[in-house]
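Novice: Compute the structure for the input listed below.
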Amino acid sequence: MGFFNSKQKKMAKHCTREQLQRGYHLSEQNLVEASKSGDMKRLKNAMKQHGNFEYALLYKNTPEYRKKCKKKTTYKGC
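Specialist: Have a look, this model is predicted:
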């Protein structure tokens, strides 16, 4: 799938669903704080971080990821 970049795929591979969800919620809080402060650089970085967590979580649901998990059963996050 060309929709997900390599960073998001690595995050999905190396992190559990709970870790990704925790990171997602923390990044969401960072987004709110950054938007309140008005710092555009901080907001842009928070948005990138939030998007990476979101897409890593979505990638875990794809058939491509599940196929990889079946081939290599040593993945902890499968």
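Novice: Please enumerate the strands of the protein.
Specialist: Secondary structure of the chain (DSSP state E): no strands present.
Novice: okay, and for it, where does confidence drop off?
Specialist: When the per-residue scores of the chain are filtered using pLDDT under 70, the ranges that remain are 1, 71-78.
Novice: burial of residue 46, as a residue count?
Specialist: Counted by other CB atoms under 10 Å, the residues lying close to residue 46 total 20. Just so you know, the C-beta spots here come from the backbone N, C-alpha and C atoms, and that holds for glycine as well.
Novice: actually residue 34, not the one I wrote
Specialist: Residue 34: 19 surrounding residues under other CB under 10 Å.
Novice: Contacts only, for it.
Specialist: Residues in contact with residue 34, defined by CB atoms under 8 Å, 6 or more residues apart in numbering, are 42, 43, 45, 46.
Novice: at 7 Å instead, please
Specialist: By CB atoms under 7 Å, 6 or more residues apart in numbering, residue 34 lies in contact with 42, 43, 46.
Novice: Pick the one among these closest to residue 28.
Specialist: For residue 28, the nearest member of these is residue 46. The distance, counting by CB to CB, is 8.8 Å.
Novice: rewinding a little: from the contacts of residue 34, which ones fall inside helices?
Specialist: 42, 43, 46 (DSSP state H).
Novice: Give me the distance between the closest residue to the second one other than its chain neighbours and residue 23.
Specialist: This means residue 43. Setting aside the residues directly before and after it, residue 43 is nearest to residue 34 in space (CB to CB, 6 or more residues apart in numbering), at 4.1 Å. Look at residue 34 and residue 23: by CB to CB, to the nearest Å, they are 16 Å apart.
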